[in-house]
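Peer 1: Show me the folded form of this:
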Amino acid sequence: MIKGNKIVTLLVLPVLTGILLAISAIPSKIWYVGFVAFIPLLTAADRAVSYRRPLLVFSLQLLITLLTFYLGMGFWVLKTANPGFLIGLFLLLPFILLVSPYILFRRRGSSYASLYFIAAWLGAEFIQGYFPLGSPFFNLGHNPGSNPQLIQWYEYTGAAGGTLWIMCVNFLLFSFLKSLLNGRQQIVRKGIVSALVIVLPAVISLVIYHNYKEKGPVSEVVIVHPSTDNRDVKYRVNIYELTDIYLKILLPHLTDKTEYVVLPETAITNAGWVGDFNNNLVFNHLNESTAQYPDLKWVTGAIVYDSIPDVEKIKHYKRKPGIRFSEKYNAWYHTYNAALFIEKSRPVQMRVKDGLVPYQEYAPFPQFLPRISPVGIDFQFSKREKNRKVFVASDRVQTAALICYELVFGKLFSETVRDGAQAFFVLLNEGWYNNVRVSRQFLQLSVIRAIENRRSVAHSSNMGISAFINQKGDVISRMESRAPGCLKAEIRMNKKASISTMAGNYLGVSALITIATLAVFELLRKNIKR
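Peer 2: Okay, the predicted model is just below:
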């Protein structure tokens, strides 16, 4: 019997929390399962308090929970991955290190134990946005994105507010259930508080949703959904043949009102050298083929190359996978996954992808860690130190183009808005995975970014889901066919910034301050008692 209890405490309950978290994670329609997901783990933690080494036991429980969650959400990667996929387990480190001390607060009977757990989880999610070996992809606040009507207050809190909401409900319901089982008199009060914390944010959101009016002038945008196969077409055919494929899809849909044409990530598979942009034959071909629309502006993903004149000044440059040498041009160079803004009779503008996929698009700490490609595709792009945030058109309208995985970094979107971006173009290339779940995950993240910043989004994918999203997070039109096609819509160019945009992830920063304050307070209290 004792052995059975240990198995339940150390394995069954943590695994159950991991499963519930995986079920509730994007793109789940039953994301609200997350409101009870932590209850099994908290029950297991209460049992671990009586163990001789509670910190070790709870760390193990937490590790099992996170492993179950990670593998449950990332299992689809195994279909295209090699064992290097498991290197992603490094993302668990911030959670293990920050959340584990919760058990010490519980053992001491601290009334701040729940506050510490919530702050530690929020803090770990915040760190994921800066941790080279981690990812904020599965932050809990992203999960409610399938119901944008219920999270309109993200314009004040960002997605971190959703994490706070989910965590608070878990602890309130856990406390309510304990009272219910122990027959305490606070059942009614705790039940009412729990219900209010669940319902009130949703009610407030619905009020905001039905009263919000989209802002800014309209622009007609056409998204090209080319569905060019990555392995047999996109990276094999001549670049001019490829652009002709795009033009054949696009030209029947252009009108005199069309202002922007959006192509997906790396649509131009070889855009040449940055220094030759203004004499680029590919760009000239696009402009000449649409000469009857002189005000047309192209936003497209591209692979571009940039020579490095003083490469010796870069420390360990020969060991950095993103830096290569061309014998043909006798030059060291960077390869960029970039977004380009092409407008007739004006210099080409470029923004380089800043949120690169660890291992697949860059190798973190190449001096210390092995170069691994978890999904068998090794591009090894570089970042740019002086990177453009926004594109400025001839009519002074400013927009931002962000690329694929950058969707998980809310801070990148808010930075572009603070620099003047009035709408977002999101460029994706989802043809590597053949998994509709991936496309829905990215679409849901676009919904979140639209609400946080109150910006319209043109979401352009090669073989996934292309869509238009308004400032309220509504998907107003979408295309997820494997057949090529176009989407056309009018989007609004909003100049007003939301509170979330201007303040950044203040909840994450506050969480880290709370962790430090509680840790110092507990240490001082312990010493005073001594």
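
Peer 1: switch to C-alpha atoms for all contacts and neighbour counts from now on
Peer 2: OK.

Peer 1: quick one: the longest strand seen in the chain to chain centroid distance?
Peer 2: Scanning the chain for the strand with the most residues, using DSSP state E, yields strand 331-343. Its chain's C-alpha centre lies 23 Å from the corresponding centre of strand 331-343 when counted by C-alpha atoms, centre = their mean, to the nearest Å.

Peer 1: How about stretch 118-129?
Peer 2: On the basis of C-alpha atoms, centre = their mean, stretch 118-129 sits 15 Å off its chain's mean C-alpha point.

Peer 1: Stretch 427-445 now?
Peer 2: So, by C-alpha atoms, centre = their mean, the centroid of stretch 427-445 is 12 Å from its chain's centroid.

Peer 1: Residue 473 is in contact with residue 452, isn't it?
Peer 2: No - the pair formed by residue 473 and residue 452 falls short of the contact definition of C-alpha atoms under 8 Å, at 9.1 Å.

Peer 1: Now do the shared contacts for these two.
Peer 2: When contacts are counted by C-alpha atoms under 8 Å, 6 or more residues apart in numbering, residue 473 and residue 452 are jointly contacted by no residue.

Peer 1: And the helix or strand hosting residue 192, what does it pack against?
Peer 2: Residue 192 is located in helix 187-211, with elements delineated by DSSP states H and E. Helix 187-211 is packed against helix 159-182, with contacts defined by 3 or more C-alpha pairs under 8 Å, 6 or more residues apart in numbering; DSSP states H and E.

Peer 1: Which residue comes closest to the most centrally placed residue in the chain once chain neighbours are left out?
Peer 2: Centre of the chain computed as the mean C-alpha position; nearest residue by C-alpha atoms, centre = their mean is residue 408, 0.9 Å away. Ranked by C-alpha to C-alpha, 6 or more residues apart in numbering and with sequence neighbours excluded, the top spatial neighbour of residue 408 is residue 137, at 5.2 Å.

Peer 1: Double-check that that neighbour belongs to a strand.
Peer 2: No - in this structure, residue 137 is coil, not part of a strand, as judged by DSSP: H, G, I helix; E, B strand; the rest coil.

Peer 1: just to revisit the earlier point, buried residues in the helix or strand following the helix holding residue 192, which are they?
Peer 2: Read in the C-terminal direction, the helix or strand following helix 187-211 is strand 218-225, with elements assigned using DSSP H and E. Neighbour-count burial for strand 218-225, with 16 or more other C-alpha atoms under 10 Å as criterion, is recorded at 220, 221, 222, 223, 224, 225.

Peer 1: and strand 218-225, which strands flank it?
Peer 2: Paired neighbours of strand 218-225 in the sheet (DSSP bridges): strand 258-262 (parallel), strand 485-492 (antiparallel).

Peer 1: then that strand to PDB, C-alphas only?
Peer 2: Included here for strand 218-225 are C-alpha records, laid out as PDB according to Å, rounded to 0.1, in the frame of the first residue of the first chain:
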ATOM      1  CA  VAL A 218      -8.000  50.700 -44.900                       C
ATOM      2  CA  SER A 219      -5.600  49.100 -47.400                       C
ATOM      3  CA  GLU A 220      -6.300  46.300 -49.900                       C
ATOM      4  CA  VAL A 221      -3.900  43.400 -49.400                       C
ATOM      5  CA  VAL A 222      -3.500  40.200 -51.500                       C
ATOM      6  CA  ILE A 223      -1.900  37.200 -49.900                       C
ATOM      7  CA  VAL A 224      -0.300  34.700 -52.400                       C
ATOM      8  CA  HIS A 225      -0.700  31.100 -51.100                       C
END
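
Peer 1: can you give me how far that strand is from the chain middle?
Peer 2: 23 Å.

Peer 1: same thing with stretch 196-208?
Peer 2: The offset between the C-alpha centroid of stretch 196-208 and the centroid of the whole chain comes to 25 Å, using C-alpha atoms, centre = their mean.

Peer 1: List the buried residues for it?
Peer 2: Of the residues in stretch 196-208, those scored as buried under the neighbour-count criterion (16+ other C-alpha under 10 Å) are 198, 201, 202, 205, 206, 208.

Peer 1: How about the contacts made by residue 139?
Peer 2: The neighbourhood of residue 139, defined by C-alpha under 8 Å, 6+ apart, consists of 125, 163.

Peer 1: distance of it from residue 473?
Peer 2: According to C-alpha to C-alpha, to the nearest Å, residue 139 and residue 473 sit 18 Å apart.

Peer 1: show me where pLDDT drops low in the protein?
Peer 2: Screening the chain residue by residue with the criterion pLDDT under 70, one finds the ranges 1-4, 74-88, 185, 366-379, 432-435, 526-527, 529-530.

Peer 1: Strands of that one, residue ranges please.
Peer 2: With strands called from DSSP E, the chain shows them at 218-225, 258-262, 297-307, 323-326, 331-343, 349-352, 391-392, 398-403, 424-428, 457-461, 466-469, 475-479, 485-492.

Peer 1: The ones you listed: which one's closest to residue 68?
Peer 2: Taking C-alpha to C-alpha as the criterion, residue 68 comes closest to strand 424-428 out of the strands of the chain, the separation being 28.1 Å.

Peer 1: so what strands line up beside that closest one?
Peer 2: In the sheet containing strand 424-428, the strands it pairs with under DSSP bridges are strand 398-403 (parallel), strand 457-461 (parallel).

Peer 1: Highest mean neighbour count out of those strands?
Peer 2: With neighbours defined by mean count of other C-alpha atoms under 10 Å, none of the strands paired with strand 424-428 is more surrounded on average than strand 457-461, at a mean of 30.

Peer 1: ok, residues contacting that strand?
Peer 2: Defining contact as C-alpha under 8 Å, 6+ apart, one finds that strand 457-461 is touched by 221, 223-225, 262-265, 423-430, 443, 446, 450, 465-471, 491.

Peer 1: What subset of those residues is buried?
Peer 2: If we count by 16+ other C-alpha under 10 Å, the contacts of strand 457-461 have these buried: 221, 223-225, 262-265, 423-430, 443, 446, 450, 465-471, 491.

Peer 1: Residue 104: which of the strands of the chain is closest?
Peer 2: Comparing those against residue 104 with C-alpha to C-alpha, the closest turns out to be strand 398-403 (42.1 Å).

Peer 1: now the closest one against strand 297-307, angle please.
Peer 2: Orientation of strand 398-403 against strand 297-307 (axes from the mean of the first three to the mean of the last three C-alpha atoms, to 10 degrees) gives an angle of 60 degrees.

Peer 1: Run the angle between strand 398-403 and strand 331-343 for me.
Peer 2: When the same axes, to 10 degrees is applied, the directions of strand 398-403 and strand 331-343 differ by 130 degrees.

Peer 1: Renumber starting at 36 from here on
Peer 2: Happy to do that; since the first residue is 36 now, the last one works out to strand 433-438.

Peer 1: what's in contact with strand 433-438?
Peer 2: Looking at strand 433-438 with C-alpha under 8 Å, 6+ apart, the contacting residues turn out to be 300, 334, 336, 373-374, 386, 388, 424-427, 448, 451, 455-463.

Peer 1: check contacts around residue 415.
Peer 2: Contacts for residue 415 (C-alpha under 8 Å, 6+ apart) come out as 356, 357, 370, 394, 395, 396, 397, 398.
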